[in-house]
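got a predicted model here, sequence first, then my questions.
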Amino acid sequence: MKIRTSLFRGFVFLILGAGIQFQALSQNSAIEQAVMPGQSGENPEVEYPPQDFATAEAHYNYLLEQANGGTQHTMATIPVWDGLWSAGYNSMPSIFLEEGSMAIAMRPGGSVKEGVLTPEYEEHFRARRAEIDENGSQLYDRLTNCEYPGMPRWLWEPYVKEFVNMPHQSWMMNDFMNETRRVYINGEHVNIDGKHSATGDSIGFWDDDKLIIWTKWINPADYLRGMPLTSNQIEIVETWQQLTDANGQRQLLTQVTFYDPIGLQSPQSAVYTHTASPDLEEFGARIRNWECTTSSNSFQDEEGRTFFRLPGDPEFIDPRGFTDFPEIPGQSLNPMEQ
């Protein structure tokens, strides 16, 4: 049965909003599956760097040295993170808010922690939180203007992702905004035009079943809607590992450290998870091209707040239904509606 994109995205949105958990697929990797620490249902703890590092480069090079230059995988031994994955737990808000959690990250509540951000960035963040307390949400968000989430926001966007690992590269594909991160294994940073980009430039290496990534040259953005700004000097070190919890459910655990000498007074660490979602695969979900600028689903209300209509909204416009030639047969971008 063919499934309309709008119905699919609506299904994904409702599932993610409800926080439904999925049973895991079996691991298809030559490396023995690691076990998720702690009891089932517990949030993972942040693993801080083994020592204080002044820069992301120093942190990355230390881990590379500890791994003796990294594991040189082949296609037969490379860890396989197959299937669709949904964003899960995220400890990042607790860096910036007292008793911070995703429950209040984009909503009123929570007091700003002092001394985490540099003075200019803390002042802006306080103003942003005051705006949220007054209006119920952040008035303007760049995603509703079709700007890319970018890093580090990419780590927690509420749509499905796919991961393809190869000995020379890892591809991390996000359904939202068509953002694909390419991690160049055993590579060096290269920037031929001197420009930054939404997802930056990522290099990495394998330490057995762990993928360590160093990303730099990232556009200034923010950690998440309702969270602080990031500067154009932010660099990020990530450690990714596939684990299995007590219920046999596959998860990708990502330990992250942010280095931002303009926005942060010192490096800060957080943990993110993604959960394998075989139910979405059985439903027929696939990553497809995300139409944003042509859909006119972004809008501002009378108070200046920005929103993006999601599938299921009565006013949602499916961009596949657009055509410049409606009078000509076969010109509809949604052939299921002719």
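Done, it's in. Numbers count the residues shown, from 1 in each chain.

so where is the stretch 151-300 of the chain shaky, pLDDT-wise?
Residues of the stretch 151-300 of the chain meeting the criterion pLDDT under 70: 292-296.

can you map out the strands along it?
Assigned by DSSP state E, counting those that start in this stretch, the strands in the stretch 151-300 of the chain fall at 161-165, 169-174, 180-185, 201-207, 210-216, 235-244, 250-259, 268-276, 298-300.

deepest-packed of those, please.
strand 210-216 (a mean of 23; mean count of other Cβ atoms under 10 Å). No exception for glycine: its C-beta is placed from N, CA and C like everyone else's.

so who does the closest residue to Ser94 other than its chain neighbours touch?
Nearest residue to Ser94 in three dimensions, chain neighbours excluded: Gly100, at 4.2 Å (Cβ to Cβ, 6 or more residues apart in numbering). By Cβ atoms under 8 Å, 6 or more residues apart in numbering, the contact set of Gly100 is Pro93, Ser94, Gly110, Lys113.

repeat for Asp175
Val12, Tyr159, Val160, Lys161, Ile287, Arg288, Trp290.

can you get me a residue count around the residue lying closest to it once chain neighbours are set aside?
Leaving aside its chain neighbours, Asp175 sits nearest to Tyr159 (4.2 Å; criterion: Cβ to Cβ, 6+ apart). Residues lying near Tyr159 (other Cβ atoms under 10 Å) number 19.

in stretch 115-134, what counts as buried?
For stretch 115-134, burial by neighbour count (16 or more other Cβ atoms under 10 Å) applies to Val116, Leu117, Tyr121, Glu122, Phe125, Arg128, Arg129, Glu131, Ile132.

quick check: which element contains Glu123?
Secondary structure assigned from DSSP states H and E places Glu123 in helix 119-135.

circling back to that earlier point, what subset of the contacts of Asp175 is buried?
Val12, Tyr159, Val160, Lys161, Ile287, Trp290.

tell me the one of those nearest His59?
Among these, Lys161 lies closest to His59 (Cβ to Cβ), at 24.5 Å.

who are the contact partners of that closest one?
Leu84, Trp85, Ser86, Ala87, Met172, Met173, Asn174, Asp175, His274, Ile287.

turn the residues you listed into CSV, columns for distance to Trp217.
Below are the contacts of Lys161 laid out as CSV (distance: Cβ to Cβ, whole Å):
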residue, distance to Trp217
Leu84, 29
Trp85, 26
Ser86, 28
Ala87, 24
Met172, 17
Met173, 20
Asn174, 19
Asp175, 24
His274, 24
Ile287, 25
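
any idea which of those is closest to Glu238?
Distance to Glu238, by Cβ to Cβ, is smallest for Met172 among the contacts of Lys161, at 10.1 Å.

not counting its neighbours along the chain, what's nearest that closest one?
Nearest non-adjacent residue to Met172, counting by Cβ to Cβ, 6+ apart: Arg181, 4.1 Å away.

coming back round to it: dump the strands of the stretch 151-300 of the chain to JSON lines, plus distance to Ala76.
Shown next, in JSON lines, are those (distance: least, Cβ to Cβ, whole Å):
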{"stretch": "strand 161-165", "distance to Ala76": "12"}
{"stretch": "strand 169-174", "distance to Ala76": "16"}
{"stretch": "strand 180-185", "distance to Ala76": "16"}
{"stretch": "strand 201-207", "distance to Ala76": "14"}
{"stretch": "strand 210-216", "distance to Ala76": "17"}
{"stretch": "strand 235-244", "distance to Ala76": "17"}
{"stretch": "strand 250-259", "distance to Ala76": "20"}
{"stretch": "strand 268-276", "distance to Ala76": "22"}
{"stretch": "strand 298-300", "distance to Ala76": "46"}
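
relative to Glu45, which of those is closest?
Short answer: strand 268-276, nearest of the strands of the stretch 151-300 of the chain by Cβ to Cβ, at 6.9 Å.

check which helices and strands that closest one sits against.
strand 85-90, helix 93-96, strand 250-259 (3 or more Cβ pairs under 8 Å, 6 or more residues apart in numbering; DSSP states H and E).

strand partners (parallel or antiparallel) of the longest one?
This means strand 250-259. strand 235-244 (antiparallel), strand 268-276 (antiparallel) (DSSP bridges).

Glu45 versus the residue nearest to the spatial centre of the chain, what's the distance?
In the chain, the residue lying closest to the centroid (Cα atoms, centre = their mean) is Leu155, at 2.1 Å. For Leu155, the distance to Glu45 equals 17 Å [Cβ to Cβ, to the nearest Å].

how about Pro119?
30 Å.

do Leu280 as well
With Cβ to Cβ as the criterion, Leu280 and Glu45 are 28 Å apart.

compare those two (neighbour count), which wins?
Higher neighbour count among Leu280 and Glu45: Leu280, with 21 against 11, using other Cβ under 10 Å.

from Leu84, how far out is that one?
Distance from Leu280 to Leu84, by Cβ to Cβ: 5 Å.
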